[in-house]
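Enquirer: Here is the input, now give the coordinates:
(chains A, B, C and D)
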Protein chains: 2
Amino acid sequence: MATVGSPRTPGARAGLSRGAVLAAAREVLAGDGLDGLSMRAVARRLDVAPNALYSHVASKAALIDEVLDDVLGAVEQPEVTDPRAGLRGLLMSTYDVLVEHPDLVPLYLARQGARGPNARRLGEVMAALLARGGVGGRPAVEALRVLIVHTIGFAAFATHPPVEPGAGGPLSAEELRGNFETGLGWVLAGILG
Amino acid sequence: MATVGSPRTPGARAGLSRGAVLAAAREVLAGDGLDGLSMRAVARRLDVAPNALYSHVASKAALIDEVLDDVLGAVEQPEVTDPRAGLRGLLMSTYDVLVEHPDLVPLYLARQGARGPNARRLGEVMAALLARGGVGGRPAVEALRVLIVHTIGFAAFATHPPVEPGAGGPLSAEELRGNFETGLGWVLAGILG
DNA sequence: CGGACGAGCTGTACGGTGTCCAATATAGCT
DNA sequence: AGCTATATTGGACACCGTACAGCTCGTCCG
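Expert: All right, here's what the predicted structure looks like:
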């Protein structure tokens, strides 16, 4: 999960750390949902005054950004070098990670993905796979965008299903995942020919 | 834009109406952006106490839901009956409408589309087009989902561009629209064969 | 060993939010 | 005219994010 510890700076009392704040935020999120995620709630969970958080995090938005990127650290990077299989594996893993954190998905949605080092790393891996498949430059940027949209968007559907437009009962997680993979196949076919 | 007027109920003072509240909310949104959209701001614009809004709208969430569905009334319904052309036209129009309301897009994103009558009507039209293309039942539901995800997701990219992963300057609105249409073509090819 | 430094944390406070309650004003119907 | 149902108000509650000043304490320098 790639949470880092602080390297013992001078004047540091025993208490908090950036990682602890991050962890507490994720616990609050898991327990009380997105609406329950407030600075005060995080501080309460750490038995600390709300302002104390600001020694470790610039703002609530920054906190959320860090949580989002942190979670992406769990995405498995494919060992295959075949573009289609690699992208499929990477994005399926991304989808799985997102679905494991339902409360975070609307946040990814609202921010169009994360922005930290983990997210950047994933973007680079995807770009490399595309390049290996002969897709580079502007088309690669476009393809990347379609893939990311499809993945986050579908994770959102899986975690926060809206009203079903047609008919049929609620879909199981497996069906949804299959649905995602099918659509992913279409998109990859379009990208890689 | 399909805003409705109230049919003059007894005891009604000259003032407000559900439609007026909706309109004021959209004006605030256009003027001050999403962050500026508060019940108090809407009330201020109507020269009215904040609580007065609650006579016409159940909650802020309900207000937002109605605004979202309202905007969808501007989507052009295709006259064509050919599934591919019809879906393409419908979704391109949806994309255009979404892009015209940048501040609303994150809200569509967060709620996975709208839920009111306009949204339902669009869903039915799409389902009918799919059925005419020989896609029905569960596969139609899946296809619908992929299409909606692609459209809203891409509108989000167009209106709130994240950091570009690869390289190249910022994309123009036309390029983005073309990018959307290309991806849409891939998806439609996958759905309709 | 002692003092200074600087970071972590707290108390307090400001301006904002969504929304509930009781009370008032107003329009239409009988 | 009186009644009733509704719209609207004033006030309040419980939160929110976060800025500022000050205290506490570990660490380092002299």
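Enquirer: so residue A:60 touches residue A:39, yeah?
Expert: Yes. Using CB atoms under 8 Å, residue A:60 is in contact with residue A:39, at 5.6 Å. (Each C-beta comes from the backbone N, C-alpha and C, glycine too.)
Enquirer: Look at those two and report which has more neighbours.
Expert: More crowded of residue A:60 and residue A:39, by other CB atoms under 10 Å in any protein chain shown: residue A:39, with 19 against 15.
Enquirer: Distance of residue A:69 relative to residue A:41?
Expert: 21 Å (CB to CB, to the nearest Å).
Enquirer: err, residue A:179, not the other one
Expert: Distance from residue A:179 to residue A:41, by CB to CB: 35 Å.
Enquirer: Between these two, which is the more surrounded one?
Expert: Between residue A:179 and residue A:41, counted using other CB under 10 Å, the more crowded position is residue A:179 (21 against 18).
Enquirer: which residues does the more buried one contact?
Expert: Applying CB atoms under 8 Å, 6 or more residues apart in numbering or on different chains, one finds that residue A:179 lies in contact with A:154, A:171, B:142, B:145-146.
Enquirer: Among those, which one is most surrounded by other residues?
Expert: Neighbour tally across the contacts of residue A:179 (other CB under 10 Å): the maximum, 27 neighbours, falls on residue A:154.
Enquirer: residues contacting the most centrally placed residue in chain A?
Expert: For chain A, the residue lying nearest the average C-alpha position, counting by CA atoms, centre = their mean, turns out to be residue A:72 (4.7 Å). Going by CB under 8 Å, 6+ apart, residue A:72 touches A:94, A:97, A:114, A:116, A:118-119, A:122.
Enquirer: Just the C-alpha atoms of the least confident helix or strand in chain A by mean pLDDT, please, in CSV.
Expert: Here the helix or strand of chain A ranked lowest by mean pLDDT, DSSP states H and E is helix A:105-111, holding a mean of 78. Taking C-alpha atoms only, helix A:105-111 is exported to CSV below (Å, rounded to 0.1, in the frame of the first residue of the first chain):
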residue,chain,number,x,y,z
VAL,A,105,-14.5,5.6,-6.5
PRO,A,106,-16.7,8.7,-6.6
LEU,A,107,-13.6,10.6,-5.6
TYR,A,108,-11.5,9.1,-8.4
LEU,A,109,-14.4,10.0,-10.7
ALA,A,110,-14.6,13.6,-9.5
ARG,A,111,-10.8,14.0,-10.0
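Enquirer: is it up against DNA strand D anywhere?
Expert: No. Contact of helix A:105-111 with DNA strand D (CB under 7 Å from any atom of the strand) is absent, the minimum separation being 13.0 Å.
Enquirer: ok, is that helix in contact with chain B or not?
Expert: Yes. For helix A:105-111, a contact with chain B is found by CB under 8 Å from any CB of the partner chain, at A:106, A:109-111.
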